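> missing the sequence, but the structure's below:
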């Protein structure tokens, strides 16, 4: 009898979990649907404020914010804090999509809008859905996971081929060499897949890629509407 009751308890718990997931998704859609063009920034939560990369990220997101792009991050410290801070200090829209973790993740103070998530996959949807470009800063397992997920979504035509920018070739070149020498060489990915990735080393390059792609596609969209 006890096993039966345990199964019933599990079923009830799972049903309530589904409602919680639905609630997170609905809140995300409701809060973010009107933000306009946005850039999602991924990267390590462990980046320190005194490191040069921190200031470069602030510069990039500040300049993007001034030209009308909202900045979306996972809401934590390190790269996320720097990205939110740049947008916040520029008077732009700075969004933090925080995740409940037992350590390491606390919402930074530089957001104009924040949403809390318990489930990673609900948060991942929101980080991707409203972006018109993805900026991948140096990071660890989570960053690599997010990078590969975005590329997969584009490669499988689940989302538009938005710019996917790896910032700092000195950090990412080893991964790119491995992808070319091992995965591409064996036919596990196609040359077209590799063309989805852009590497930039300077803030000016990032700004140019994001703005050029957006302006071009806005123009194409307007022409399509006229036709």
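Now that the structure is in, tell me what you want to look at. Since this is a predicted model, take the numbers as computed values, not measurements. Residues are numbered from 1 along each chain as shown.

> in this protein, where is pLDDT below threshold?
1-13, 15, 101-105, 219-227 (pLDDT under 70).

> can you pull out the helices in it?
Listed in chain order, the helices of the chain (DSSP state H) span 2-32, 52-66, 79-89, 120-129, 141-155, 169-178, 191-194, 203-226.

> state the distance from the residue nearest to residue 132 when sequence neighbours are not counted to residue 95.
Nearest residue to residue 132, sequence neighbours excluded (Cβ to Cβ, 6 or more residues apart in numbering): residue 37, at 4.8 Å. The way it works is simple: take the backbone N, C-alpha and C, and place the C-beta from them, glycine included. Residue 37 sits at a distance of 13 Å from residue 95 (criterion: Cβ to Cβ, to the nearest Å).

> what does residue 31 give?
8 Å.

> between those two, which contacts overlap?
113, 115 (Cβ atoms under 8 Å, 6 or more residues apart in numbering).

> can you tell me how far the residue nearest the centre of the chain sits from residue 208?
Taking Cα atoms, centre = their mean as the criterion, residue 40 is the residue nearest the geometric centre of the chain, at 3.9 Å. According to Cβ to Cβ, residue 40 stands 18 Å off from residue 208.

> ditto for residue 16
Relative to residue 208, and taking Cβ to Cβ, residue 16 is found at 48 Å.

> then residue 195?
Separation of residue 195 from residue 208 (Cβ to Cβ): 17 Å.

> the two: which is more packed in?
Counted by other Cβ atoms under 10 Å, residue 195 and residue 208 do not tie: residue 208 has more neighbours, with 12 against 9.

> so who does the more buried one touch?
Contacts of residue 208 by Cβ under 8 Å, 6+ apart: none found.

> distance of it relative to residue 60?
11 Å.

> quick check: residue 200 touching residue 166?
Yes: using Cβ atoms under 8 Å, residue 200 is in contact with residue 166, at 7.4 Å.

> need the residues that contact stretch 197-204.
By Cβ under 8 Å, 6+ apart, stretch 197-204 touches 56, 59-60, 63, 151, 163-169, 172-173, 176, 206, 209.

> which of the residues in stretch 37-53 are buried?
Under the neighbour-count criterion of 16 or more other Cβ atoms under 10 Å, stretch 37-53 has 37, 38, 39, 40, 41, 42, 43, 44, 45, 47, 53 buried.

> sounds good, over and out.
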